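>>> One predicted model, sequence on top.
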Amino acid sequence: MEYVEFNNNPKGKKTTDCVLRAISFAIGKDYVETYRDMVEFSIKKGIFISDNKFSKTYLKSKNIETQKMPRRNDNTRYTVREFADEIAENGKTYILSIAHHLTVIKDKKLYDIWNCGHKSVGNYWILNSNDTKNITPKKENKKKKRVVLY
């Protein structure tokens, strides 16, 4: 597995925004637009963005279903690195849930602000290239400013 240090936070901050970073990157949408959409969804559903249920509920609303934790035949869990090497497929993007964190595998590469390849994978989501076509965060209604020339 190749690790790519990646931070799509527009201010370059390394903060507790992993849910937003992972989802916006995976669905191929702007960080700020995705954030606005998530906040609106959070208000509508009454689930805070950092709540464990939020990611599952938000992604389900975008028709991206949760996949159960992958396990080997002997019931042992996969690490992120093993998932990337043995399960992930090129051309697909995966959002992986690990302990208190979401991360992304895209084309068998790990994209995150830190290398969490040694962590165990929990539930996950698969995005095919056509999954992102129907995911469009709501755009903010901006009133045009009236310019007066003298």
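Cool, the structure landed.
>>> quick one: the residue lying closest to Ile98 once chain neighbours are set aside from Ala22, how far?
Leaving aside its chain neighbours, Ile98 sits nearest to Lys119 (4.2 Å; criterion: CB to CB, 6 or more residues apart in numbering). Glycine gets a C-beta too; all of them are placed from N, C-alpha and C. Distance from Lys119 to Ala22, counting by CB to CB, to the nearest Å: 14 Å.
>>> For the two, indicate the residue with more neighbours.
In this view Lys119 and Ala22 are compared by other CB atoms under 10 Å, and Ala22 has more residues nearby, 23 against 17.
>>> mean confidence for the host helix or strand of the more buried one?
In the assignment (DSSP states H and E), Ala22 maps to helix 18-27. Mean pLDDT, helix 18-27: 96.
>>> Tell me how far the most centrally placed residue in the chain lies from His101.
Closest to where the C-alpha atoms of the chain average out (CA atoms, centre = their mean) is Ile23, at 2.1 Å. Per CB to CB, Ile23 is found 13 Å from His101.
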